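Q: Need coordinates for the below:
(chains A, B, C and D)
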2 protein chains.
Amino acid sequence: MPRMTKREAGGPATIIDVAREAQVSIKTVSRVVNAEPGVHEETLKRVKEAIERLQYRPKLSARALAGARSFIVGLFYFDEQSAFIGNLQRGATQTCRELGYHLIVEPLQASATDLVSHVERSLSALRPDGVILAPPLCDHAEVLQAMQRQGTRIVKLSPRELQGSCIGIDDVQAARELTQLLLDAGHQRIGFLQGPPDQIASQRRQQGFSAALRAARRKAAWVWPGDFTFQSGVAAARIWQDQPNRPSAVFSANDDMALGLMAEARRLGHQVPEALSVVGFDDAPAASMVWPGLTTVRQPLEDMAARAVHLLVGQNTQPCRIVMPHRLMLRQSVQERAEA
Amino acid sequence: MPRMTKREAGGPATIIDVAREAQVSIKTVSRVVNAEPGVHEETLKRVKEAIERLQYRPKLSARALAGARSFIVGLFYFDEQSAFIGNLQRGATQTCRELGYHLIVEPLQASATDLVSHVERSLSALRPDGVILAPPLCDHAEVLQAMQRQGTRIVKLSPRELQGSCIGIDDVQAARELTQLLLDAGHQRIGFLQGPPDQIASQRRQQGFSAALRAARRKAAWVWPGDFTFQSGVAAARIWQDQPNRPSAVFSANDDMALGLMAEARRLGHQVPEALSVVGFDDAPAASMVWPGLTTVRQPLEDMAARAVHLLVGQNTQPCRIVMPHRLMLRQSVQERAEA
DNA sequence: CTGAAAGCGCTTACAG
DNA sequence: CTGAAAGCGCTTACAG
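A: Purely as a prediction, here's the structure:
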C-alpha cells in the first residue's frame, strides 16, 4: 500500500496531489503554476481545475529552496522616518500581491552599532529577490556595501544617480516651484530651514530654493540648520523670533520641521500665516490635519514603491533612474503680502 | 572526486560546509544552531567557531520546508488605520529580531471584495507561525474564520475577551479618566463624538465616557456619530457650531476625528481650547504636532506588539487576555473653566 | 552525547 | 508537448 500524501492525511494539498488528480506529472503542474508556455490547452484546463478543486497553493519555502527566486521583496527603512512608510508600504504590498510576491519590512535604527550586521543577517536568512531602500537609508554607504556583498538587487528611493537603480522626484525643481510660490505671494524676506547636510534630499531642496531666489535677484534672509525632526523645527522658531528683521516666510526642507516651526511660533504668539508663512516638503499625514494646513510638495510614494517592485522583480537588470512627477499641495500656511 | 558544495563553488556556506569544517555531522550543527541542549562543550565550541569562520547563516526557506516552523510572523491590518502601525511594526520587528523571526506585513483594504481570499492566499503561501491582528481587523468575523480554517495562531490587539488571545488596554477605564479630566476642569456641557458602532473600541470608550458622567450625575450634552476619520471630525465641527447651547468640551473617540474637529472649529473662527476643549484617543503622531497639542490617551503599542510576538512564538498555546497600562497625555487642548 | 537516513515540496536540467 | 530524476538545505524521527 502506497504512503499517504499529506493531502490524504488531512493537510493542505501539495503538487503531488494535484498531479495525481489531473493525471499529469508534477512538472506539468509546476508549468501551469508558473504560467510557462507550451502546455496543451486541454491539459492546462485539467490542471487548473484540479488546482481549484484541491485549493492548491504552492508553498513559498519549497519554491524558494528549489528555485532561484524567494518571492520576497524587502522594504528597508530608518524607523525614525516612519511618516513615509505608510504610503510606501501600501504601494509595495499592492504590487507584490499582483505579482505573487510578499513584502518583508525591516525598520532599522540609524543609531544602532550593529546596523550592518542586522542587514546582513536579514538578507542571508531571507534571500529576498530585491530590496527597496527608503531615504535616507539609501544614502548609507555601509549598508549599500553590505547589499552589494550579498549580491542583493536594490532600488533606491532617492534622487541620486550613482550606483544602481533609483526612483525619485526632481527635488531641485520642486523646491524651486515652492519658492516661486512664496515670491509670487509677495514675500521679500524668505528664510530656509535646512535638513541634515548628509542627506541628498536636503541638499537638493536647498539648491532649488537658492536657484529660485537667485533668478529673482534675491538672497536668503535667514538660513538655519535643522535635522528633519519636529523638535528641530520647534527650536528654530525661537531663533526666527529673535531675528532683528524677521523673515515673513520660511521654507522648511521637510514637513516635520515645518510643523514644529508653526506650532512653536503660534505658541509664542505669532499668527500663521499672518506673521509667518511656512512651506514644507513631503506632505506628511499631519500636514493636512493641522489648521492652517501646510503648503508642501507631495511625492507619489505609492507609485514609486510600485515601480520599484516591478524593477526588482522584472527581467531587466540594467540600472536605471526614474524621475516621477511631484505635486504642489496648496493649503493655508502661505499669506499673500500686499507690499509685493 | 566528490561533488563541490556551494561553498567551494563560491556561494554562501551551508550546513554541510560547517559540518565538514567542524568535523561533526550536520545534525550536530543543527543542534547548535537551534540551541538544543546536550552538545558537548568542546564540540559546541568547535561548531560555533566554524559557523563564525564560514559566516554560516541558515537559510529560512530550508528550515521552513523541513521543519514545523516558518520563522515568520505576520502583522495584518487595515490600511486606513496606518497611524497605528508605525509603533506596532517597530515593536514587532524588534522582538522578531531578538527571537530569530521575521515580520511580514499585510495591509488590507477593508472595502475589498476579495479581502478574505487575500488573507487566505497569504497564509497558505507563507505559513506564518503566527499573526498579529491590529484593530479593527481583529473584529472582522470572516477574517477570523479564515485564520481558524488555516489553523493559524493569532493574537488580537483588541480589548475583546472571546476567541483566542488578545492584548489591549482598558478602554473603559481610560475613557473614564479622560472624561473625569474634563469634569475636573469645570466643564458643564460635554459632548461625545462616536466612532463606528461595530468597533469594540468605539463602544468601550463611550461606555467609559458615560460611566464617568453618570458618576458625576451628568448627562452627555451632545452625541454625534463619526467614523474615526479626520473628515468625520471636520463634519462634526459644523454640527457642534450649530448647537443652540454649545458644549464647551468634546470627547472624541479617536484622535483623527479630534484633530478634524479642532482644525475645522478653528477655521470657523472658534478658539481651541478657549471656545472648545477637545480630548481624543490614541496619541496619533499628529496629536503632538499641532498647536494646541491634543490631550489624549496613549496605548503602549510597541510593548503590545512585542508581547504579541512572544505569545505567538512561545510554547504556551493557551488563549490569554493581557491588559496593558495606558497613559494620559496631557497637552493644551483642554481649558480650565472658572465657572466650575 | 552524536550521527545516518529519510523527507519536506517544490524547480532545474535534461531527455524524449 | 510532457515527464523521470536529482537536488535545494535544512529538520525529524530514530538508533546507538
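
Q: Please count neighbours and contacts with C-alpha atoms only from this point.
A: OK.

Q: For chain A, just list every one of the strands.
A: Counting by DSSP state E, the segments of chain A that form strands are A:72-78, A:102-108, A:130-133, A:154-156, A:165-169, A:190-194, A:222-225, A:249-252, A:277-279, A:296-298, A:321-324, A:327-329.

Q: Compare the ones you listed and give me the one nearest B:Ser61.
A: Evaluated over the strands of chain A, closeness to B:Ser61 peaks at strand A:72-78, with 11.0 Å, by C-alpha to C-alpha.

Q: The closest one - what's its average pLDDT?
A: Across strand A:72-78, the average pLDDT comes to 95.

Q: before we move on, what about stretch A:271-287?
A: Across stretch A:271-287, pLDDT averages out at 95.

Q: Flag the shaky bits of the stretch 151-300 of chain A, pLDDT-wise.
A: Within the stretch 151-300 of chain A, the segments meeting pLDDT under 70 span A:160-162.

Q: and it, which of its residues are near chain B?
A: Within the stretch 151-300 of chain A, the residues that sit near chain B (C-alpha under 8 Å from any C-alpha of the partner chain) are A:230, A:259-260, A:263-264, A:266-267, A:285-286, A:289-292.

Q: picking up where we left off before, okay, the strands of chain A in JSON lines with mean neighbour count next?
A: Below are those laid out as JSON lines (neighbours: other C-alpha atoms under 10 Å in any protein chain shown):
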{"stretch": "strand A:72-78", "mean neighbour count": "22"}
{"stretch": "strand A:102-108", "mean neighbour count": "23"}
{"stretch": "strand A:130-133", "mean neighbour count": "26"}
{"stretch": "strand A:154-156", "mean neighbour count": "27"}
{"stretch": "strand A:165-169", "mean neighbour count": "23"}
{"stretch": "strand A:190-194", "mean neighbour count": "24"}
{"stretch": "strand A:222-225", "mean neighbour count": "16"}
{"stretch": "strand A:249-252", "mean neighbour count": "29"}
{"stretch": "strand A:277-279", "mean neighbour count": "28"}
{"stretch": "strand A:296-298", "mean neighbour count": "24"}
{"stretch": "strand A:321-324", "mean neighbour count": "17"}
{"stretch": "strand A:327-329", "mean neighbour count": "18"}
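
Q: Can you check which of the ones you listed gets nearest to DNA strand C?
A: Closest to DNA strand C of the strands of chain A is strand A:72-78 (C-alpha to the nearest atom of the strand; 13.8 Å).

Q: for chain A, what spans make up the helices?
A: Per DSSP state H, chain A carries helices over the ranges A:6-9, A:15-22, A:26-33, A:41-54, A:60-66, A:82-99, A:115-126, A:141-150, A:171-184, A:200-215, A:230-242, A:255-267, A:301-313.

Q: how about the fourth one, does it reach chain B?
A: Put plainly, it is helix A:41-54. No - between helix A:41-54 and chain B, judged by C-alpha under 8 Å from any C-alpha, nothing touches; the nearest distance is 12.7 Å.

Q: For that helix, enumerate the helices and strands it packs against.
A: Under the contact criterion of 3 or more C-alpha pairs under 8 Å, 6 or more residues apart in numbering or on different chains; DSSP states H and E, helix A:41-54 touches helix A:15-22, helix A:26-33.

Q: again with the longest one
A: Other elements packing on helix A:82-99 under the criterion 3+ C-alpha pairs under 8 Å, 6+ apart are strand A:72-78, strand A:102-108, helix A:301-313, helix B:82-99, strand B:102-108.

Q: now it and helix A:301-313, what's the angle there?
A: Between helix A:82-99 and helix A:301-313, the angle comes out at 50 degrees (axes from the mean of the first three to the mean of the last three C-alpha atoms, to 10 degrees).

Q: How about the contacts made by the residue lying closest to A:Tyr101 once chain neighbours are set aside?
A: Nearest residue to A:Tyr101 in three dimensions, chain neighbours excluded: A:Phe71, at 4.7 Å (C-alpha to C-alpha, 6 or more residues apart in numbering or on different chains). Counting by C-alpha atoms under 8 Å, 6 or more residues apart in numbering or on different chains, A:Phe71 makes contact with A:Leu60, A:Ala64, A:Gly100, A:Tyr101, A:His102, A:Pro128, A:Asp129.

Q: for DNA strand C, what are the nearby residues on chain A?
A: Contacts of chain A with DNA strand C, taken as C-alpha under 7 Å from any atom of the strand, map to A:5-6, A:13-16, A:26-27, A:30-31, A:33-34, A:56-59, A:62-69.

Q: Mark which of those residues are buried, thanks.
A: Neighbour counting over these (16 or more other C-alpha atoms under 10 Å in any protein chain shown) leaves A:13-16, A:26, A:30, A:33, A:56-59, A:62-65 as the buried ones.

Q: of those, closest to DNA strand D?
A: Taking C-alpha to the nearest atom of the strand as the measure, A:Leu65 is the one of these closest to DNA strand D, at 4.4 Å.

Q: What separation do you get for that closest one and B:Ala62?
A: Shown here: A:Leu65 relative to B:Ala62, a distance of 6 Å by C-alpha to C-alpha, to the nearest Å.

Q: and what of A:Ala35?
A: A:Ala35 sits at a distance of 24 Å from B:Ala62 (criterion: C-alpha to C-alpha).

Q: same thing with A:Lys156?
A: Using C-alpha to C-alpha, A:Lys156 is found at 29 Å from B:Ala62.

Q: For A:Tyr56, which non-adjacent residue is closest in space?
A: Spatial nearest neighbour of A:Tyr56, excluding adjacent residues (C-alpha to C-alpha, 6+ apart): A:Ala13 at 5.4 Å.

Q: Where does the record place the domain boundaries for chain A?
A: Following automatic domain parsing, chain A resolves into domains at A:6-58, A:72-169+A:301-326, A:171-298.

Q: so which of those domains gets nearest B:Leu183?
A: Closest to B:Leu183 of the domains of chain A is domain A:171-298 (C-alpha to C-alpha; 25.4 Å).

Q: Can you give me the end-to-end span of that closest one?
A: End-to-end for domain A:171-298, by C-alpha to C-alpha: 11 Å.

Q: quick one, what contacts A:Thr317?
A: A:Thr317 touches A:Leu311, counting by C-alpha under 8 Å, 6+ apart.
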